[in-house]
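Q: all I have is the shape, not the residue letters:
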């Protein structure tokens, strides 16, 4: 996928029941590579998300890291998690931001250079056992604690600023 071209982002808030993380990741990679042109899947747990804009900014910053060639990870998905976590330590995100076995709620973002057709979106949902949820649930209090935000003014802006600052330090 050429990261310098215009991209489409499809966003799904869903419940996923994962029995084996390693197999799930392999299925995810295989699915991404089966599309022509290739798609990128980004799966983010909802536990430290204040608002969906936070993830969009994480994707934007991670894409810029690849463009500037200062990315730490080889995978966009991992780079987004690093950005959301405001860290350059991959082992840190494994504990807090990565997939977990069992049933959990996630945001799934599908990046592609072409708008996904309805049948392709249906295939992604089927292959990854995605059960779309209607009501998005963010944990605003947990997110504020995680990012150590004390006041209630422009919390989302403060979180995005922390994510951006970590990018500028790279």
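A: Received, thanks. Small disclaimer: the values here were computed from a predicted structure and weren't measured. Residues are numbered from 1 along each chain as shown.
Q: what's the longest helix in the protein?
A: helix 52-67 (DSSP state H).
Q: which residues are contacting the helix or strand of the chain with the lowest mean pLDDT?
A: Within the chain, no helix or strand scores below helix 90-96, which has a mean of 81 by mean pLDDT, DSSP states H and E. Here helix 90-96 makes contact (CB atoms under 8 Å, 6 or more residues apart in numbering) with 48, 72, 73, 78, 81, 82, 85, 87. In short, each C-beta sits where N, CA and C put it, glycine included.
Q: any buried residues in it, and which?
A: Residues of helix 90-96 classed as buried: residue 93 (neighbour count, 16 or more other CB atoms under 10 Å).
Q: helix or strand right after that helix?
A: Sequence order places strand 102-112 as the next helix or strand after helix 90-96, per DSSP states H and E.
Q: partners of that following strand, with directions?
A: Its sheet considered, strand 102-112 pairs with strand 8-18 (antiparallel), strand 40-45 (antiparallel) by DSSP bridges.
Q: could you give the angle of whichever helix or strand comes after it to strand 40-45?
A: Sequence order places helix 118-127 as the next helix or strand after strand 102-112, per DSSP H and E. In terms of direction (axes from the mean of the first three to the mean of the last three CA atoms, to 10 degrees), helix 118-127 departs from strand 40-45 by 50 degrees.
Q: what helices or strands is helix 118-127 leaning on?
A: Helices and strands touching helix 118-127, by 3 or more CB pairs under 8 Å, 6 or more residues apart in numbering; DSSP states H and E, are strand 8-18, helix 21-34.
Q: would you mark the buried spots in the longest one?
A: Of the residues in helix 21-34, those buried under the neighbour-count criterion (16+ other CB under 10 Å) are 24, 25, 28, 31, 32.
Q: what's the nearest residue to the second one if we skip its chain neighbours?
A: Closest residue to residue 25 in three dimensions, ignoring its sequence neighbours and counting by CB to CB, 6 or more residues apart in numbering: residue 99, at 7.4 Å.
Q: ok, that neighbour - how many residues close by?
A: Residues lying near residue 99 (other CB atoms under 10 Å) number 18.
Q: surely it touches residue 27?
A: No: with contacts counted by CB atoms under 8 Å, residue 99 stays clear of residue 27, the gap being 11.7 Å.
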